[in-house]
Each structure stands twice: as structure tokens, then as C-alpha cells.
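*Asks:* okay, sequence plus prediction incoming.
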Amino acid sequence: MLSLNLPPFEVKMQKRDGKNWIFDSLRKKFIALTPEEWVRQHFVHFLTDYKGYPKGLLANEVQLNLNNTKKRCDTVLFNKDLSARMIIEYKAPHIEITQAVFDQITRYNMVLKVEYLIVSNGIRHYCCRIDYNNMQYTFLPDIPAYGEL
């Protein structure tokens, strides 16, 4: 798979029916390996191993209802009271991060109303903090460590 702009980690993979599968440490099972899944697994390990995010507060493929349709957030960070705190949206490395990607994560946030939004294709990462009191958002220069949230 493609090298990403994320730290490497010990990848657990297996081959089934001629297809590659990667172990998801949050869902605790093997998932079909796609370019987007490659980014997700690297990013989750980056958050937990380098930024101090607790695995117990992260979840992959979180379902939500938006305008009577079921959608899935790629990864959600929860607070200890299980309210959502951050949404992370991944794209495959060859997919450019455009306004449409931000529109997608913003739609998810209409339901969850989190404080942080992150978008990554494994090469480029964007993080913004939402200030609901002043109705504005600020792009951060880096992905914050868990203790900085």
C-alpha cells in the first residue's frame, strides 16, 4: 500500500479469498483493505500512539440519522459522558480534499455538533475547531494531542 504522511505502525494483515484484510484495533476485527481503510488505520494509530487519544473513546463507522437517511462517520471521538467531541473523515490518498469533503463532514456535524472536525487523505490533514458561541471556526496548525482538547 501507499506510504502516507503518518507514522508507521505494526500492521496486522491477512489474506482471505484472494483479498487483503487489515485488523481494526477499535472494532477488534479484520476489515477489507481499501485505500480509505489504510488511511483510517494509520490515522487511528497516530491518534492513539502519538497524540494520546484513548482507544476506549474512539469508534469507527459510527452510524447517525441525517434527514431520514443513515450515514456513517468514519471515526468519532467521544467525551467520557459519551457525547461526541470530534468527527474524523477519511479519503483515499488519491482523493483530493475539496470543499465537497468539508461539506460532507459538516452535514454529519449538523447531527453530532462536535467541537473538532478532521479531514485526512493520509497525505494532507486538516483540523478545525468550532466556536458555537461566536458562530465561527478556526483551522488549527496541527492535530491537537488529546490533552490539548
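*Replies:* Sure thing, it's come through. Numbers count the residues shown, from 1 in each chain.
*Asks:* in the chain, which helix is the longest?
*Replies:* helix 99-112 (DSSP state H).
*Asks:* which element follows it toward the C-terminus?
*Replies:* Next helix or strand after helix 99-112 toward the C-terminus (DSSP states H and E): strand 116-120.
*Asks:* by how many degrees do that following strand and helix 99-112 diverge?
*Replies:* Counting by axes from the mean of the first three to the mean of the last three CA atoms, to 10 degrees, strand 116-120 points 150 degrees away from the direction of helix 99-112.
*Asks:* which strands and helices sit next to strand 116-120?
*Replies:* On a contact count with 3 or more CB pairs under 8 Å, 6 or more residues apart in numbering; DSSP states H and E, strand 116-120 meets strand 84-90, helix 99-112, strand 125-131. Glycine gets a C-beta too; all of them are placed from N, C-alpha and C.
*Asks:* what does it rub up against?
*Replies:* 39, 43, 77, 85-91, 97, 101-102, 105-106, 109, 125-130, 137, 143-144, 149 (CB atoms under 8 Å, 6 or more residues apart in numbering).
*Asks:* please apply the same query to stretch 141-149.
*Replies:* 46-47, 51-54, 85-86, 115-116, 118, 125, 127.
*Asks:* where's that stretch relative to the chain centroid, distance-wise?
*Replies:* 14 Å (CA atoms, centre = their mean, to the nearest Å).
*Asks:* buried set for that stretch?
*Replies:* 143, 144 (16 or more other CB atoms under 10 Å).
*Asks:* can you give me the first-to-last residue distance of it?
*Replies:* 14 Å (CA to CA, to the nearest Å).
*Asks:* which parts of this protein are strands?
*Replies:* 13-16, 19-24, 29-32, 58-66, 69-78, 84-90, 116-120, 125-131, 136-139 (DSSP state E).
*Asks:* give the other helices and strands that the fifth one contacts.
*Replies:* Which is strand 69-78. helix 35-45, strand 58-66, strand 84-90, helix 99-112.
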